[in-house]
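Novice: Next input, structure requested:
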Amino acid sequence: MQAKTPAFEQAMNAHRHGDLASAERLYRVALASDPRHAGAYHHLGLLCHQAGRPAEAVAQLRRAAVLAPGDAGVIVNLGIACKAAGDFAAAVTCLVRATQLAPAMPAAHFNLGLAWMAAGKAAEAVESFEAVIRLQPQDAAALANLASARLALGLHAEAVVAARRAIATAPGQARFHALLGHALQGAGHGVPAAEAFLRAIALDPASVEARLGAGTTLCAIERYAQAIEQLGLATQHDAQCSPAWFNLGIAHLALGHYVQAEAAFQRVLALRPGWPVAHFHRAMNWLSAGDFARGLPEYEWRLKLDAYAGEPQWPRWSGAPLDGCLVVDAEQGLGDTLHFLRFVPLASDRVGKVVLRVQSALLRLLKPLELQWGVSIVALDDAPPEAQAWCPLMSLPLMLGTSMDSIPDMPAPLPVPEASRETWRARLSGLKRRRVGIAWSGRIRANENRAIPLHLLAPLFARDDIDWIVLQRDIPADDAQHLAMYAGTGRLHDFRHHIEDMADTAAIIGTLDAVVSIDTAIAHLAGAMGKPLWLMLAVAADWRWRQDATHSRWYPSARLVRQTTPGDWLPVIAAVNEALNVVLAG
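Specialist: Numbering: from 1, shown residues only. Next up, the predicted model:
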């Protein structure tokens, strides 16, 4: 670059002292006397960037880069300005060039990583931040950004490693502890994640990110009262933080605080009108409170969630009489289909014909209902029938005007196909004690709070008056060893490998004296069959079980046994054990 001129030196001095107006004027004086002064263009571009004029910064820095094409520092600053202007592709191009000019310059690799992240290229960002760390192993900012990039790629364990290294280098940075919290949360380590967020809060009590992360994680590990405290403080620091209001509603709903939950969901929807997941949880709140009049219409927002991709090829049924064919599609899990099955005959009374499309695992079980109910039952993936209207199965209560007081019973206990009945009667004939089915976890990928560690059920399996029959097909890896141990006692029997579908499960249940289950499809099947059922529920139970009920309007044969403390299943198991003493003695 050219030698410093008096005007340029004065401009630099004014710039250093924060007098941007004088500095800009003097840079322009220097350029008027020497239009090829690369340094003046460079520093004028830096000043424009500092003053929040990114487009002008880019223009001035481009001029500097033309005059000094080999100056990596100029190219880095041009890339930074392009990123600030929103031109991420140009930023990446500049910063790649800077790393070529100066491969040992950490700032070039670091800012290239930031540009890659802004462009949505997290894998490339990882490479750039790793390059910085090879040059400067203790660069805390690079380590933290490496953790962020790995998080964006779903590499949670690797993100934890990078975040811990950043903290070791700069332990007083609240943001780094919050980043560790996000990484641990993503890796499924809820308790240490909450601890990391709480450390971030201790360092920076005004951090909304840390309080939101803490509240969300505390919700996930069922520490709802603490979650409410942190999320409430987050909304005090930032009343426009819609995720904080949303998670505050979730926490209040989990504890049955329906009024407070409604207020929180109202706030989030005022900030984000039309947010489907917030509408969906507001529906959960109203339905949990027994307010079907508001809850059922709001529940239609579930159809706008990502899980409900695609549009049906038929017009939506309004519930009005129809002289034609109505297609009713099962949705969500097998238990939901069994739960809402009772509404199909009522819909059939209003239309010429119903075609119920269900999951293939239910088809053999439900086929016998065709003659009883006068409907057709086919698989969801069968060729679409000729029809005049369509309705999701879980929208039938709304279309039929259902209230809490008008929930219909199952028309009759769900029948078991005769072939399956005989097969399982013979297979279980050697079990001479009272038979009770057991299901302690739901689908492994979607357990939420619907799972009990198998070893906690030891008091049930210690009984010598019961043959326990495993009813669930999926076994969590953590339970496999305990399952083998209990099966070895001769009191727990595992026939999972003989179960093909829910018709087999129903045939097993048909031979039992009772069923003990968490909230899963097994519970709905037992309830639909009218089998005595003890349903073990978490504090934050699903809306259909209410918060204060011990009996179910949906399944009269069910008894609801609830946690009183989140995460504590032992009193629930003890209550079930005592109930079995009474019932089996009779």
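Novice: For the rest of this, base every contact and every neighbour count on C-alpha atoms.
Specialist: OK.
Novice: what's the pLDDT at residue 586?
Specialist: In this model, residue 586 is scored at 64, pLDDT.
Novice: Next one: the closest residue to residue 185 other than its chain neighbours from residue 274, what distance?
Specialist: Leaving aside its sequence neighbours, residue 185 sits nearest to residue 193 (Cα to Cα, 6 or more residues apart in numbering; 5.3 Å). Distance, residue 193 to residue 274, using Cα to Cα, to the nearest Å: 31 Å.
Novice: returning to that earlier point: helix or strand for the residue nearest to residue 185, which one?
Specialist: In the assignment (DSSP states H and E), residue 193 maps to helix 190-203.
Novice: Which SSE is immediately downstream of that helix?
Specialist: By DSSP H and E, the next helix or strand past helix 190-203 is helix 208-220.
Novice: That following helix vs helix 190-203, what angle?
Specialist: 150 degrees (axes from the mean of the first three to the mean of the last three Cα atoms, to 10 degrees).
Novice: quick one: contacts of helix 208-220?
Specialist: Residues outside helix 208-220 that contact it (Cα atoms under 8 Å, 6 or more residues apart in numbering) are 175, 178, 181-182, 185, 190-191, 193-195, 197-198, 200-201, 224, 226-231, 233-234, 237-238, 243-244, 247-248, 250-251.
Novice: same thing but 6 Å
Specialist: 178, 194, 197, 201, 227, 230, 231, 234, 244 (Cα atoms under 6 Å, 6 or more residues apart in numbering).
Novice: again, but for stretch 517-537
Specialist: 334-335, 413-414, 438-440, 442, 514-516, 555, 557-562.
Novice: Which of the residues you listed fall in helices?
Specialist: Taking DSSP state H, the ones among these that sit in helices are 334, 335.
Novice: among the contacts of stretch 517-537, which ones are buried?
Specialist: Neighbour counting by 16 or more other Cα atoms under 10 Å classes 334-335, 414, 438-440, 442, 514-516, 555, 557-562 among the contacts of stretch 517-537 as buried.
Novice: where exactly do the helices run in the stretch 401-550 of the chain?
Specialist: Applying DSSP state H, counting those that start in this stretch to the stretch 401-550 of the chain gives helices spanning 418-427, 458-461, 480-487, 502-510, 521-528.
Novice: can you pull the buried residues of the longest one?
Specialist: Of the residues in helix 418-427, those buried under the neighbour-count criterion (16+ other Cα under 10 Å) are 420, 421, 424.
Novice: repeat for the second one
Specialist: Using 16+ other Cα under 10 Å as the burial criterion, the residues of helix 458-461 that qualify are 460, 461.
Novice: average model confidence for it?
Specialist: On average, helix 458-461 scores 96.
Novice: Just the CA atoms of the helix holding residue 193, as PDB, please.
Specialist: Provided in PDB are the C-alpha atoms of helix 190-203 (Å, rounded to 0.1, in the frame of the first residue of the first chain):
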ATOM      1  CA  GLY A 190     -31.300 -33.900  30.300                       C
ATOM      2  CA  VAL A 191     -30.000 -33.500  33.800                       C
ATOM      3  CA  PRO A 192     -26.400 -32.300  32.900                       C
ATOM      4  CA  ALA A 193     -28.000 -30.100  30.200                       C
ATOM      5  CA  ALA A 194     -30.100 -28.400  32.800                       C
ATOM      6  CA  GLU A 195     -27.100 -28.000  35.100                       C
ATOM      7  CA  ALA A 196     -25.100 -26.400  32.200                       C
ATOM      8  CA  PHE A 197     -27.900 -23.900  31.500                       C
ATOM      9  CA  LEU A 198     -28.200 -23.000  35.200                       C
ATOM     10  CA  ARG A 199     -24.400 -22.300  35.300                       C
ATOM     11  CA  ALA A 200     -24.900 -20.000  32.300                       C
ATOM     12  CA  ILE A 201     -27.700 -18.200  34.300                       C
ATOM     13  CA  ALA A 202     -25.400 -17.800  37.300                       C
ATOM     14  CA  LEU A 203     -22.900 -16.100  35.000                       C
END
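Novice: contact partners of it?
Specialist: 174, 177, 178, 181, 184, 185, 210, 214, 217.
Novice: rerun at 8 Å
Specialist: Helix 190-203 has contacts (Cα under 8 Å, 6+ apart) with 172-178, 180-185, 207, 210-211, 213-214, 217-218, 220-221.
Novice: Just the buried ones out of those residues, please.
Specialist: In these, the ones that pass as buried (16+ other Cα under 10 Å) are 173-178, 180-185, 207, 210-211, 213-214, 217-218, 220-221.
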